[in-house]
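Engineer: let's see this in three dimensions:
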Amino acid sequence: MLKLNRGARFIELPEAFMQSLQQDEKGFCKLAAILKKNTGINLELNDKNLFLMAGRLNKVLREYRLSSYLEFIHLINSGDPQYASALANALTTHTTDFFREDEHFIILKKLVTDLTNHKNFNGEIRIWCAAASTGQEAYTIAMCIEEIRTSLRPFELKILATDIDHQVLDVASQGVYTHVEMAPVPAMLKQKYFKKCFQQKNEVFQVNARIRNAIHFAPFNLVSDDYLFQHAFDIVFCRNVLIYFDSETRTQIISKFAGILQPEGLLFLGHAEAGVVKASALKPIHVAIFKRAA
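Structural biologist: Have a look, this model is predicted:
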């Protein structure tokens, strides 16, 4: 056994600790229930998810000097929101990339063109990028629209980018990315919309102020927060998120999306989610793209 530097608590060596977490099905089920209630993420009891939770929470428990899921549950139930946030942040998947499922961005340009040509166009384009993670999707949307701006009627672009995880929102708002993260960005756009700078002596790229200023990053929980927005949206992106929810939760969220879209507004989902839309108000117009009825 390894004695901790602070306090009299003892904790197992890393390998044994990880194994003990994987075997704790009771603790897994209790934490999974808390996670689903707070975020909508549905983790079923199976070997894959037991391993996933143990791997993700191993570090969290050690940071809090805890030796079991049960101790973590007691902290969450104490009412201090930092512990529930730590659970959600650890078990939320933040996979994202610039120009992910890039066909959608080609279609986005055409749809934005159609929107600005509509006789009732009011001079604003409002887009919600839900589950924005570290920001690459929101910045991709903004760059694509900027690329066609000069060929369109004048408009103001307003993008709301949200995520449940405050930490990834901090990263997103800075708009700083490594060479590896920048790989999918075409050289022309990299030169046009990013500037080179240094972060801890490493060369990185920061999104320019014009693009950053078009986006407002804010926390939002797709499950528990009310969808009370001052204005309806022309376009909503929520891609590769609903796959982590159960059928009932997906249906509720899609219904809420339909409710905050403008007539003929557009909903973009991930390609793997194309078949989950059952709302009668939303009609498919392309793979994983849906239009609200006029």
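Engineer: mind showing which ranges of the protein have poor pLDDT?
Structural biologist: Scanning the chain for pLDDT under 70 picks out 1-13.
Engineer: settle this for me: Phe99 is touching Phe105, isn't it.
Structural biologist: Yes - judged on CB atoms under 8 Å, Phe99 makes contact with Phe105 at a distance of 6.1 Å. All C-beta atoms are positioned from the backbone trio N, CA, C, and that covers glycine.
Engineer: spit out the residues that contact these two alike.
Structural biologist: Thr140 (CB atoms under 8 Å, 6 or more residues apart in numbering).
Engineer: for the protein, what spans make up the strands?
Structural biologist: Per DSSP state E, the chain carries strands over the ranges 2-3, 10-11, 124-129, 156-163, 176-177, 194-199, 202-207, 215-219, 233-238, 261-269, 282-286, 289-292.
Engineer: let me know which of those is the nearest to Tyr69.
Structural biologist: strand 10-11 (13.3 Å; CB to CB).
Engineer: could you dump the strands of the chain to CSV with distance to Gln82?
Structural biologist: Listed next are those as CSV, based on distance: least, CB to CB, whole Å:
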stretch, distance to Gln82
strand 2-3, 25
strand 10-11, 21
strand 124-129, 26
strand 156-163, 17
strand 176-177, 26
strand 194-199, 27
strand 202-207, 29
strand 215-219, 14
strand 233-238, 27
strand 261-269, 32
strand 282-286, 37
strand 289-292, 37
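Engineer: dump the ones you listed to a markdown table, plus mean neighbour count and distance to Leu50.
Structural biologist: Shown next, in a markdown table, are the strands of the chain (neighbours: other CB atoms under 10 Å; distance: least, CB to CB, whole Å):
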| stretch | mean neighbour count | distance to Leu50 |
| --- | --- | --- |
| strand 2-3 | 10 | 23 |
| strand 10-11 | 14 | 20 |
| strand 124-129 | 22 | 32 |
| strand 156-163 | 20 | 26 |
| strand 176-177 | 20 | 33 |
| strand 194-199 | 12 | 37 |
| strand 202-207 | 16 | 36 |
| strand 215-219 | 17 | 29 |
| strand 233-238 | 23 | 28 |
| strand 261-269 | 22 | 29 |
| strand 282-286 | 15 | 36 |
| strand 289-292 | 20 | 35 |
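Engineer: with respect to Lys37, which of the ones you listed lies nearest?
Structural biologist: strand 215-219 (17.6 Å).
Engineer: and that closest one, how far out from the chain middle?
Structural biologist: Taking CA atoms, centre = their mean, to the nearest Å, one finds strand 215-219 lying 11 Å from the centre of the chain it belongs to.
Engineer: stretch 242-257 now?
Structural biologist: Worked out by CA atoms, centre = their mean, stretch 242-257 lies 14 Å from the chain centre.
Engineer: fine, thanks again, bye for now.
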